[in-house]
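K.L.:
fold the stuff below for me.
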Amino acid sequence: MIKQLKIKDMPLEERPREKLIRHGSGVLTNAELLAIILGNGTKRENVLELSKNLLKENNLKLLSRKRINALMRIFGIGQSKACQIVSCFELGRRLASFKDTRDNSINNVRDVVKLFSPDMSYLKKEHFKGIFLDSRKKIIKDETIFIGSLNASVIHPREIFQAAFEEGAAAIVLLHNHPSGDPKPSDDDVEITTQLVEAGKILGIEVIDHIIIGHNRYFSFKEKGYL
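P.N.:
Sure thing, here's the model as predicted:
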């Protein structure tokens, strides 16, 4: 029986963690990076061998899409390691989609679509978002206000305009997605828009537009003459 080579038995310069500390993350292989995330191996193989075998059966892209239960069916991957892998890839996805919107100005509907459509086009639930602008139409903040199927009884003007007042916003752009991919507004969408526009007039905060995001398509209430 071949004795397992433990990480601590490897030369110092070959251990993943020490390589990371000495030379930075760019010199490490995918397996070495994954080994650092997993922390330890099994009785049968050290963590570096476990990582290499894991990547041999699943390339990085496939591995990033696996859910916890699927990962736990792989030898050597328990619940803790599965959670570590899923969390690691989720952080990567969030970083890839991160955008600092504070210096962005909204001059037309295409500016909004360009900024927010990539993240919202394929969400599986409806997300209703407020984009809060200063007097120069620069984005102060964007905030998801509601998640779920929209209807006039669940979207309350007070929630949206309270957030606007807290941010010192002069105007708002409303934005939500249709998971079906068809951005055509429903009767509820029209009713919600009418309510919020009227509330904005009373409170002195302009509702510039309400944009519905579909799959590679959008609907703008302003462009279609509703506002």
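
K.L.:
from memory L38 sits against V47, does it?
P.N.:
Yes: judged on C-beta atoms under 8 Å, L38 makes contact with V47 at a distance of 5.3 Å. Backbone N, C-alpha and C define where each C-beta goes, glycine included.

K.L.:
these two - which one has more neighbours?
P.N.:
More crowded of L38 and V47, by other C-beta atoms under 10 Å: V47, with 23 against 20.

K.L.:
give the contact list for the more buried one.
P.N.:
With contact set as C-beta atoms under 8 Å, 6 or more residues apart in numbering, V47 has these partners: 7, 35, 38-41.

K.L.:
what sits closest to K52 if chain neighbours are left out?
P.N.:
In space, and not counting its chain neighbours, K52 is closest to A31: 4.5 Å by C-beta to C-beta, 6 or more residues apart in numbering.

K.L.:
what helix or strand does the one you found sit in?
P.N.:
Using DSSP states H and E, the element containing A31 is helix 30-38.

K.L.:
which helices and strands does that helix pack with?
P.N.:
With contacts defined as 3 or more C-beta pairs under 8 Å, 6 or more residues apart in numbering; DSSP states H and E, the packing partners of helix 30-38 are helix 16-23, helix 47-57, helix 79-97.

K.L.:
which of the contacts of V47 tops the neighbour count?
P.N.:
A35 (25 neighbours).

K.L.:
follow-up on the earlier one: pick the most deeply packed of the helices and strands packed on helix 30-38.
P.N.:
Highest mean neighbour count of the helices and strands packed on helix 30-38: helix 47-57, a mean of 18 (counted as mean count of other C-beta atoms under 10 Å).

K.L.:
mind checking the pLDDT average for that helix?
P.N.:
The average of the pLDDT scores along helix 47-57 is 90.

K.L.:
can you pull the contacts of K124?
P.N.:
Neighbours of K124 in contact, by C-beta under 8 Å, 6+ apart: P179.
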